[in-house]
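>>> Structure for this input, please:
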Amino acid sequence: QVQLVESGGGLVQPGGSLRLSCAASGFTLDRYAIGWFRQAPGKEREGVSCISSSGGNRYYADSVKGRFTISRDNAKNTVYLQMNSLTPEDTAVYYCNAVITIVNYWGPGTQVTVSS
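Numbers count the residues shown, from 1 in each chain. Got it, this is the predicted structure:
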């Protein structure tokens, strides 16, 4: 069955960095675009970044542009989100997402907390 599992979250000080990973299984990763979303307490889930199946096209929300970098290693069935210059406003649960034959698949999420 399709599974997405995020990892790499944690507590980091403002200005710090984290790299999130999204491990995929149960489907052929290199056929699908993958997205990263986040949800802060009391807020709606928002799109952060996405990457095309080949990795040739990438999208970033304005709030993270220049600070976050999405990448993928199809051979390892993993998509990454490198997050630099983190601010408290980046605190949220981060989810990866794949849409496969019109079905939305989500991982359980990984908590990112930016605080001094």
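
>>> and the residue lying closest to Gly8 once chain neighbours are set aside, what is it in contact with?
Nearest in space to Gly8, with sequence neighbours left out and distances taken as C-beta to C-beta, 6 or more residues apart in numbering, is Leu20 at 4.2 Å. Bear in mind the C-beta positions are built from the backbone N, C-alpha and C, glycine included. By C-beta atoms under 8 Å, 6 or more residues apart in numbering, the contact list for Leu20 reads Glu6, Ser7, Gly8, Gly9, Trp36, Tyr80, Leu81, Met83, Tyr94, Cys96, Thr110, Val112.

>>> how does it look with 7 Å?
Glu6, Gly8, Gly9, Tyr80, Leu81, Met83, Tyr94, Thr110 (C-beta atoms under 7 Å, 6 or more residues apart in numbering).

>>> what pLDDT does the residue nearest to the spatial centre of the chain get?
Of all residues in the chain, the one closest to the mean position by C-alpha atoms, centre = their mean is Trp36, 3.2 Å from it. At Trp36, the pLDDT value in this model is 98.

>>> tell me which residues form a beta bridge with it?
Note on Trp36: beta-bridge partners Ser49, Cys96, judged by DSSP bridges.

>>> Tell me which residues of stretch 51-62 come out buried.
Ile51, Gly55, Tyr60 (16 or more other C-beta atoms under 10 Å).

>>> Might one say that the first one is in contact with Asp73?
Right, Ile51. No: judged on C-beta atoms under 7 Å, Ile51 makes no contact with Asp73 at a distance of 11.1 Å.
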